[in-house]
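Enquirer: What would the 3D arrangement of this be:
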Amino acid sequence: MKIALLHYSSPPIVGGVESVLAHHARLMSKAGHDVTILAGRGKVFDKRIPVKVNPRLDSRHPDVIRVKKMLDKGHLADDFTDLRDQIEADLITALKGFDVLIAHNVASLHKNLPLTAALHQAHQIPGFPRLVLWHHDLAWSTPRYRGELHPGYPWDLLRATWNDAVHVVISETRRQELGSLLGISSDSIHVIPNGVDLDSFYKLDPLTLQIMDQLNLIEADPLFLLPVRLTPRKNIELALHIMAELHRFLPNAVLLVTGPEGPHNPANAKYKRKLLDMRDDLGLSDAALFLAETVSGFLPDAVIADLYKLADALIFPSQEEGFGIPIIEAAFSSLPVFCADIPVLRELGRDDVSYFNVDGDPCSIAKQIESRLKSEATARWARRAKHTFTWDSIYVKRIEPLLQEVA
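Expert: Okay, here's the model as predicted:
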């Protein structure tokens with residue numbers, strides 16, 4: 001589809017809505033849509049996304065500021081109508097051929113009421129793009145704005161339903177506020193939250209991104225990390241049996257084993273084959289992932305560090321260790337640790353990690369793990385946030401279905 005995004009300003013102008021606008025534009029463009037931003041200030045920040053600047057769309061344009069000063073006092077300035085009509089003509093020209101217009105805060109705030117009024121008029125003209133009103137802030141529900149809002153036109157446009165427009169808010173709280181303000185059922189209002197871009201937030205290595213995409217790690221819930229080479233003393237068999245039991249409680253759980261075969265024993269190739277056969281026999285072909293099948297050669301330290309950032313917990317079932325670097329690395333990544341109850345790991349972890357018997361019952365160990373993950377608020381919140389508030393997830397689950405609905 002051909003989609004336009006409208007706001008007072010666009011990146012590189014710094015602001016919350018401007019940041020959301022950039023993420024939306026990039027996600028839509030990546031999905032194959034033809035995206036253009038209309039704004040009063042800004043410039044191209046991504047070569048795939050044109051930015052059309054019209055100064056009259058800005059909340060800080062001198063004419064807009066002059067009109068707003070009068071409006072804030074309850075007076076409709078003499079040149080309000082002329083400014084509104086100029087902006088309407090500009091919008092109609094700029095939006096020819098577009099399928100959808102998504103206007104951010106234009107029907108919510110009084111920062112540029114001539115623009116609000118112009119959009120309200122233009123969207124009623126046959127052939128105008130389907131209109132989505134994306135509400136981040138609501139002037140009529142904000143106490144600090146009450147002295148600047150008055151009954152009648154054009155202030156009432158900010159609490160009108162706008163025939164045939166689709167309403168989107170960023171939280172359930174905003175949905176209840178908007179439903180009450182407009183006098184409509186909140187069920188008719190879409191909730192699409194803001195999010196975080198994992199790639200840039202974590203500054204992930206390109207190889208990490210490749211692994212994430214290829215193995216669909218972002219859908220794992222939880223993701224258990226086992227950063228070991230494929231050697232018998234690492235007791236990976238127990239981890240596989242624990243995972244098989246965990247799937248009874250956590251059907252989307254995934255175990256990621258990062259290492260290749262151990263380099264010093266030819267028998268390790270046979271051990272690898274044994275593990276892969278065991279995985280398949282346990283029905284874990286999509287839930288126990290061995291990077292040795294995906295990545296050839298050595299994994300850089302940066303990628304290992306990234307995998308700790310992405311993981312939800314460390315599982316470390318070694319039968320013997322001289323030290324135990326992974327549980328130290330997990331500490332620096334604030335991950336819950338579930339490890340074998342052997343002396344050196346007790347020495348390191350003391351009372352701050354969860355231990356299990358290397359000869360213990362996998363079902364009991366799985367219940368222990370599930371119980372701790374459920375009880376730890378920080379770990380629980382981290383998992384929920386990763387599956388609810390990442391931009392990629394929000395786009396697939398919320399934004400693209402909305403675009404298909406309004407097409």
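Enquirer: Using neighbour counts, pick out the buried residues of stretch 58-72.
Expert: Asp58, Ser59, His61, Asp63, Val64, Val67, Lys68, Leu71, Asp72 (16 or more other C-beta atoms under 10 Å). Glycine gets a C-beta too; all of them are placed from N, C-alpha and C.
Enquirer: Excluding chain neighbours, what is closest to the fifth one?
Expert: Nearest residue to Val64, sequence neighbours excluded (C-beta to C-beta, 6 or more residues apart in numbering): Asn112, at 5.1 Å.
Enquirer: The second one now?
Expert: In space, Ser59 comes closest to Lys111 once its chain neighbours are excluded; the distance is 3.8 Å by C-beta to C-beta, 6+ apart.
Enquirer: right, and that neighbour touches Gly15 too?
Expert: No. Under the contact definition of C-beta atoms under 8 Å, Lys111 does not touch Gly15, with a separation of 11.5 Å.
Enquirer: Between those two, which is the more surrounded one?
Expert: Lys111 (19 against 13; other C-beta atoms under 10 Å).
Enquirer: how close does that one sit to Gly179?
Expert: 23 Å (C-beta to C-beta, to the nearest Å).
Enquirer: neighbours around Ser354, how many?
Expert: By the measure other C-beta under 10 Å, the count of residues near Ser354 is 19.
Enquirer: Skip the chain neighbours and tell me the closest residue to it.
Expert: Phe338 (4.9 Å).
Enquirer: For the one you found, give the beta-bridge partners.
Expert: Taking DSSP bridges as the rule, Phe338 bridges to Ile315, Ser354.
Enquirer: The residue nearest to Ser59 is in what secondary structure piece?
Expert: Element membership for Lys111, per DSSP states H and E: none, as it lies in no helix or strand.
Enquirer: which ones are touching it?
Expert: Tyr8, Ser59, Lys68, Asn105 (C-beta atoms under 8 Å, 6 or more residues apart in numbering).
Enquirer: Tell me which residues touch Gly322, please.
Expert: Contacts of Gly322 by C-beta under 8 Å, 6+ apart are Val344.
Enquirer: so what's the backbone phi/psi at it?
Expert: The phi/psi pair for Gly322 (degrees, to the nearest 10) reads phi -90, psi -30.
Enquirer: roughly how far apart are it and Val353?
Expert: According to C-beta to C-beta, Gly322 and Val353 sit 18 Å apart.
Enquirer: what does Ser364 give?
Expert: From Ser364 across to Val353, the span is 17 Å (C-beta to C-beta).
Enquirer: Helices along the stretch 251-400 of the chain, start to end?
Expert: Counting by DSSP state H, counting those that start in this stretch, one finds helices in the stretch 251-400 of the chain at the ranges 268-281, 301-310, 325-332, 343-349, 362-375, 377-388, 391-394, 400-406.
Enquirer: Relative to Leu207, which of those is closest?
Expert: helix 301-310 (5.1 Å; C-beta to C-beta).
Enquirer: which of the residues in that closest one are buried?
Expert: Residues of helix 301-310 classed as buried: Val303, Ile304, Ala305, Asp306, Leu307, Tyr308, Leu310 (neighbour count, 16+ other C-beta under 10 Å).
Enquirer: so how far is Gly147 from the residue lying closest to Ser141 once chain neighbours are set aside?
Expert: Of all residues beyond its chain neighbours, the one nearest Ser141 is Glu177 (4.8 Å), with distances taken as C-beta to C-beta, 6+ apart. Separation of Glu177 from Gly147 (C-beta to C-beta): 19 Å.
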